[in-house]
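Undergrad: Pasting the sequence and the predicted model now:
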Amino acid sequence: MISVREFLVRARLERHSLEAWIAAGWLIPPQTEPEPTFSDVDLARAQLIRDLREDFGVNDEGVTVILHLLDQMHGLRRSMQELLGELHASRRSGGGSIEGGT
């Protein structure tokens with residue numbers, strides 16, 4: 001886990017920006033007592049937010065939409081991986097083969 005101090009340095013953020021992003025729900029630290037800690041995924045997300053805002057000029061509403069779409073995409077990707085894993089397991093066990101016969 002990454003401490004707040006290290007996170008701010010690595011993400012190149014000011015403390016007030018981090019607090020605003022947490023308040024907006026853009027970052028959700030997994031542990032908040034006594035002080036938040038962050039994961040590498042949180043760091044990558046913060047760097048993306050910073051890039052969207054500073055390099056591309058995306059406003060707050062746009063960042064919210066982009067992050068929501070990314071979260072949905074990752075959720076769908078995870079679901080597809082689980083489904084493919086179940087399909088492969090089913091085929092290995094000899095069940096679930098689909099035969100189209102007439």
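TA: All right, it came through fine.

Undergrad: Need the residue closest to the centroid of the protein.
TA: residue 71 (5.7 Å; Cα atoms, centre = their mean).

Undergrad: what about it, distance to residue 85?
TA: Residue 71 is 21 Å from residue 85, where distance means Cβ to Cβ, to the nearest Å. Yep, even glycine has a C-beta here, placed from its N, CA and C like the rest.

Undergrad: now do residue 32
TA: Taking Cβ to Cβ, one finds residue 32 at 33 Å from residue 85.

Undergrad: Now do the strand or helix carrying the residue nearest to the centre of the chain: which elements does it pack against?
TA: Using DSSP states H and E, residue 71 maps to helix 60-92. Under the contact criterion of 3 or more Cβ pairs under 8 Å, 6 or more residues apart in numbering; DSSP states H and E, helix 60-92 touches helix 40-54.

Undergrad: Go through the helix it packs on and flag the buried ones.
TA: By neighbour count on 16 or more other Cβ atoms under 10 Å, the buried set for helix 40-54 is 42, 43, 45, 46, 49, 52, 53.

Undergrad: tell me the mean pLDDT for it?
TA: Rounded to a whole number, the mean pLDDT of helix 40-54 is 97.

Undergrad: cool, stretch 78-88 as well?
TA: 95.

Undergrad: Restrict that stretch to CA atoms and write it as PDB.
TA: C-alpha atoms of stretch 78-88 as PDB (Å, rounded to 0.1, in the frame of the first residue of the first chain):
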ATOM      1  CA  ARG A  78     -13.800  -9.200 -15.700                       C
ATOM      2  CA  SER A  79     -17.200 -10.800 -16.300                       C
ATOM      3  CA  MET A  80     -16.100 -12.100 -19.700                       C
ATOM      4  CA  GLN A  81     -12.900 -13.600 -18.200                       C
ATOM      5  CA  GLU A  82     -14.900 -15.400 -15.600                       C
ATOM      6  CA  LEU A  83     -17.400 -16.700 -18.200                       C
ATOM      7  CA  LEU A  84     -14.600 -17.900 -20.500                       C
ATOM      8  CA  GLY A  85     -12.900 -19.600 -17.500                       C
ATOM      9  CA  GLU A  86     -16.200 -21.400 -16.700                       C
ATOM     10  CA  LEU A  87     -16.600 -22.400 -20.300                       C
ATOM     11  CA  HIS A  88     -13.100 -23.800 -20.500                       C
END
